[in-house]
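Enquirer: Provided below for reference: sequence and predicted model.
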Amino acid sequence: MADDDLNGKFCYFHRDLSHGSYGSDVTCLQQYLKHQGFLCEEPSGFFGPTTVTAVTRWQVANHLYPPTGLYEFTSRGLYAKKNNLPSAEELLALEVQAQAWIECH
């Protein structure tokens, strides 16, 4: 597996994440936070208290105020920008445009 696959640099976050969230997007976020030095534990795919703390620390370090520990729209957008990736909202807009083009042709 490539190093970039394990450091969370190419995650796609289509939803907000918070305490109790579970899934591969949580795992990818945890990999990113671990690689950045904000999370010490191994990624589990479960957004528990240590992930809340790690997200809060990441938000403070990136001047996102108030730091909430929730991985929501603003955090997702900053992650995408920092990693030169389109945001989920930008990808959705492109998908809608493509679907409209297909329907017209």
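Expert: Nice, thanks for sending it over. Residues are numbered from 1 along each chain as shown.
Enquirer: Give the buried residues for whichever strand or helix holds Trp58.
Expert: Using DSSP states H and E, Trp58 falls within helix 49-61. Across helix 49-61, burial judged by 16 or more other CB atoms under 10 Å covers 50-52, 54-59. Where you see a C-beta, it was placed from the backbone N, CA and C, and this is true even at glycine.
Enquirer: which other helices and strands contact that helix?
Expert: Packing contacts for helix 49-61, counted by 3 or more CB pairs under 8 Å, 6 or more residues apart in numbering; DSSP states H and E, involve helix 24-35, helix 73-82.
Enquirer: Make CSV out of those helices and add mean neighbour count, mean pLDDT and distance to Leu64.
Expert: Formatted as CSV, the helices and strands packed on helix 49-61 follow (neighbours: other CB atoms under 10 Å; pLDDT from 0 to 100; distance: least, CB to CB, whole Å):
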stretch, mean neighbour count, mean pLDDT, distance to Leu64
helix 24-35, 20, 96, 14
helix 73-82, 16, 92, 6
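Enquirer: Spatially nearest residue to Thr50, not counting backbone neighbours?
Expert: Glu41 (5.6 Å; CB to CB, 6 or more residues apart in numbering).
Enquirer: The one you found: how many residues sit nearby?
Expert: 12 (other CB atoms under 10 Å).
Enquirer: other SSEs contacting the lengthiest helix in the chain?
Expert: As assigned by DSSP state H, the longest helix anywhere in the chain is helix 88-104. Secondary-structure packing of helix 88-104 (3+ CB pairs under 8 Å, 6+ apart): helix 73-82.
Enquirer: just the angle between the helix it packs on and helix 24-35, please?
Expert: Using axes from the mean of the first three to the mean of the last three CA atoms, to 10 degrees, the direction of helix 73-82 lies 60 degrees away from that of helix 24-35.
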